[in-house]
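J.: Here is my input; please provide its structure:
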Amino acid sequence: MIPTEVRGTGRRRRARAVAGAAALCAVLLAGCAGSGGGPSTHGSPGSAGSASSPGSPGSAVRVPRPDHVVVVVEENKSYSDVIGNTSDAPFINALAAQGASFSRSYAVAHPSQPNYLALFSGSVQGVTDDSCPKSFGTPDLGSALLAAGLTFTGYSEDLPAAGYTGCAAGGYARKHNPWVDFGALPPGVNQPFSAFPGDYAALPALSFVVPNLTHDMHDGTVRQGDDWLKANLAGYADWARGHNSLLVVTWDEDDNGQGNQVPTVVVGQQVQPGGYDERIDHYRLLRTLEDAFGLPPTGAAADTAPIGDIWRTRP
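T.: Below is the predicted model of the structure:
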């Protein structure tokens, strides 16, 4: 089902009744245990079964360690442009049904570039535009992975050569490629999408994939973006569900008309499929990736909690 924030009054009454009964049970019978199972649409932060509120960085939530994570960043579409739009985005909606789909996922800024920086470094780095080039010496996700003895690569479609630092080439735009802005990272982590391995076991621990300006929906249509994802990452999505790995598909920002609400979908072996209506943003997604690999939180990610309620197992 497509996730929704709308709840019937009857359901709210039942939820309050269940919560009240559970509290009474806890008082009267210290050993009372809750029953398993639940609806496909999960509660918002603070409700039964929720991980924690976004403002609870000290949460005891732990994220399962994946073998590989691929994060795909799409462009300039709101939640309602994509989720539920099965005619233009059949593949993405199929992914949403197979994984965790967030109905309250938000970007942190406009325009594009500060959102990429937020997701990669926990800060917009003072950037308020898409001007190029930028250069930063602050901590970032890729450097943290390398410092921990792990691997990271960013794959950009139409990047003309590994390590390229130019601002644009064909459908490639550096403003959508944050790892090239951080001088602590070696040039070799900046790769064209043509280098994305066909043997998924050879992928880095964590990688980002950025389609070109047509295929990321910036200049192209939702359908063009959906078709590209299916052609290039459907195989990895299927593989991830059987190999302790994750595919994350999110958007940099919305279409400037929906409060910066964007789709975010997470698919993988450890993910409990369903609709989730807790509030997340780029900082919270970054914190989740950092916790998954045991990395120190970066920037504003330290002030939020990881996503904890989508996992099949709680380590």
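J.: What is the burial count for Phe136?
T.: Phe136 has 18 neighbours, counted by other Cβ atoms under 10 Å. The way it works is simple: take the backbone N, C-alpha and C, and place the C-beta from them, glycine included.
J.: swap in Gly84?
T.: Residue neighbour count, defined by other Cβ under 10 Å, stands at 15 for Gly84.
J.: Tell me the confidence at Ser53?
T.: Among the per-residue scores, Ser53 shows a pLDDT of 43.
J.: let me fix that: Ala23
T.: Looking at Ala23 specifically, the model assigns a pLDDT of 38.
J.: Residue numbering should commence at 653 henceforth.
T.: Let's use 653 as the start, then, which means that last one is Ala675.
J.: Please, where are all the helices along this protein?
T.: 661-680, 731-734, 742-750, 764-773, 793-799, 874-892, 934-944 (DSSP state H).
J.: Just tell me which of those helices ends up closest to Gly840.
T.: Relative to Gly840, the nearest member of those by Cβ to Cβ is helix 793-799, separated by 10.6 Å.
J.: Gly946 - nearest residue in space that isn't next to it in sequence?
T.: Once its chain neighbours are removed from consideration, Gly946 has its nearest residue in Ala800; the separation is 6.9 Å (Cβ to Cβ, 6 or more residues apart in numbering).
J.: What's the separation between the one you found and Phe945?
T.: Spatial separation of Ala800 from Phe945 under the definition Cβ to Cβ, to the nearest Å is 7 Å.
J.: Who has more neighbours out of these two?
T.: Neighbours per residue (other Cβ under 10 Å) separate Ala800 from Phe945, with Phe945 holding more: 18 against 14.
J.: Wait, the more buried one touches Arg717, no?
T.: Yes: using Cβ atoms under 8 Å, Phe945 makes contact with Arg717 at a distance of 7.0 Å.
J.: excluding its backbone neighbours, what's nearest Ile962?
T.: Here the residue nearest Ile962, using Cβ to Cβ, 6+ apart, is Ala752, at 4.0 Å.
J.: Can you tell me how far the one you found is from Asn767?
T.: Applying Cβ to Cβ to Ala752 and Asn767 gives a distance of 21 Å.
J.: So between these two, which is more surrounded?
T.: Under the criterion of other Cβ under 10 Å, the comparison of Ala752 against Asn767 puts Asn767 first, with 27 against 23.
J.: For that one, list the residues it contacts.
T.: With Cβ atoms under 8 Å, 6 or more residues apart in numbering as the criterion, the residues that contact Asn767 are 759-761, 776, 904-905, 934.
J.: Swap in 6 Å and give it another go.
T.: With contacts taken as Cβ atoms under 6 Å, 6 or more residues apart in numbering, Asn767 has the following neighbours: 759, 761, 904-905.
J.: Quick one, which of the residues you listed are buried?
T.: Of the members of these, the ones counted as buried by neighbours, 16 or more other Cβ atoms under 10 Å, are 759, 761, 904-905.
J.: Those: which two are farthest apart?
T.: Spatially, the most separated pair among the buried ones among the contacts of Asn767 is Ala761 and Asp904, at 9.2 Å (Cβ to Cβ).
J.: Gly887: which of the buried ones among the contacts of Asn767 is nearest?
T.: Checking the buried ones among the contacts of Asn767 one by one against Gly887 (Cβ to Cβ), the nearest turns out to be Asp904, at 24.5 Å.
J.: Need the nearest residue in space to that closest one, chain neighbours excluded.
T.: Sequence neighbours aside, Asn767 is the residue nearest to Asp904 in space, at 4.2 Å (criterion: Cβ to Cβ, 6+ apart).
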